[in-house]
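J.: Provided below are the primary sequence and the corresponding predicted coordinates.
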Amino acid sequence: MGRGEKVQDGEVARPTSRDVARLAGVSHTAVSFVFNGRAQGNLSAETQEKIRRAAAQLGYRPNAVARGLRRRRTAVIGLVTDEIATSPFAGRLLRGAMDTARSSDHLVLAVDSGTDPATEDAAVAELLDRRVDGIIYAAMSLRRLRVPAGLHHTFAVLANCLSEDDSLPAVIPAEQDGGRSAARLLLEAGHRRLALVGGLDDIASAERLRGFRDALRAAESSSGEERIVRTGGEISSGYEGAMRLLRGVPADRRPTGIVCYNDRVAAGVLHAAARLGLDVPADLSVVGYDDQEHMAAFLSPPLTTVALPHRAMGEAAARMLLDAIESGSVPPVVVRKLECPVVRRGSVGPAPSL
């Protein structure tokens, strides 16, 4: 039990604001002013400090449920996600949302739907039954989604996804800029024969390719379609794509820099380069994407990559939602794109002299 708590009828009785008032020698109203943010102009600084000392001595905390009922809020926001249990990036997004919510005295109640539409609808309904103040829907890969039933009946923001009908505000990565940054990194190191390996039939692949080509056009360099190898998103995809680009190709014709769809693909490219006797970065520079935790920094060499802003997306989505809750106004339907920063490590070097 905490200080000031007593057992009463078999239950722990928490200290109340009236207990604080008695210990501080002030009125109950004065205590309410301090903990409801109305002390300024009503109470002296000395009295406010006396009340806070008494509260600390007793271990008193305002009753969030009672305060929420008065304000018709619960100080809880819901977070529904499609595959939080399996994604290596889920923790970052969750931490961003939770830390931001905590800074505004809110808790986050998270539910994993497993990508099942019926489960998503049920999860949103359950959160609404629990009277959450609003809901974030987060996807672990950028996609357009069917908006779960019920999201239009509360304050709602999407993170790392877009609604099919463009009906909800969203926070997503600036994927085109990320693809552009990856290619620019190689161009600035003197590389002119660039390739892109990996990718799926998804928004991220299309946007990253668009950015890749933007950078090549700006540098008056051409990749050629034969250097865009769309093989998938796994390590085996990177290995296969790199072999197609590098095996048996004369040194003066093969790519000297490869941008990869993600860090797993990059790991496959590094494996292929080692199998072919190519040194990274002396013979070949490699850029990944995602900055996957427990992976990118531990490859050999450590992987230069473009980081997906998962934590920042969680923070931004939570802040957008909390602002709407506080103002009582539905947030504007905007798509906010967050920077994907380059993380420089050891897999990129100057273009080889051939």
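T.: Received it, and whenever you're ready, just let me know what you need. Small disclaimer: the values here were computed from a predicted structure and weren't measured.
J.: Name the helix or strand for the closest residue to residue 193 other than its chain neighbours, please.
T.: Leaving aside its sequence neighbours, residue 193 sits nearest to residue 255 (C-beta to C-beta, 6 or more residues apart in numbering; 4.8 Å). The C-beta positions use only the backbone N, C-alpha and C, and glycine is treated the same way. Counting by DSSP states H and E, no helix or strand carries residue 255.
J.: so who does residue 255 touch?
T.: Neighbour list for residue 255: 193-195, 227, 245-246, 284 [criterion: C-beta atoms under 8 Å, 6 or more residues apart in numbering].
J.: would you list those residues in a markdown table and tack on neighbour count?
T.: Shown next, in a markdown table, are the contacts of residue 255 (neighbours: other C-beta atoms under 10 Å):
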| residue | neighbour count |
| --- | --- |
| 193 | 20 |
| 194 | 27 |
| 195 | 26 |
| 227 | 18 |
| 245 | 21 |
| 246 | 21 |
| 284 | 28 |
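J.: Turn those residues into JSON lines, columns for distance to residue 207, secondary structure and pLDDT.
T.: Converted to JSON lines, the contacts of residue 255 look like this (distance: C-beta to C-beta, whole Å; DSSP: H, G, I helix; E, B strand; the rest coil; pLDDT from 0 to 100):
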{"residue": "193", "distance to residue 207": "23", "secondary structure": "coil", "pLDDT": "94"}
{"residue": "194", "distance to residue 207": "17", "secondary structure": "strand", "pLDDT": "96"}
{"residue": "195", "distance to residue 207": "18", "secondary structure": "strand", "pLDDT": "97"}
{"residue": "227", "distance to residue 207": "19", "secondary structure": "helix", "pLDDT": "91"}
{"residue": "245", "distance to residue 207": "22", "secondary structure": "helix", "pLDDT": "96"}
{"residue": "246", "distance to residue 207": "26", "secondary structure": "helix", "pLDDT": "96"}
{"residue": "284", "distance to residue 207": "25", "secondary structure": "coil", "pLDDT": "97"}
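J.: Pick out whichever of the residues you listed sits closest to residue 337.
T.: residue 194 (24.0 Å; C-beta to C-beta).
J.: so that closest one sits right up against residue 258, yeah?
T.: Yes. In this structure residue 194 lies within contact range of residue 258 using C-beta atoms under 8 Å: 7.3 Å.
J.: Where does residue 238 sit: helix, strand or coil?
T.: With DSSP: H, G, I helix; E, B strand; the rest coil as the basis, residue 238 sits in helix.
J.: Which parts of this structure are strands?
T.: Secondary structure of the chain (DSSP state E): strands at 6-8, 11-13, 76-81, 107-112, 134-145, 155-163, 170-173, 194-197, 228-229, 257-260, 285-290, 304-307, 335-338, 342-343.
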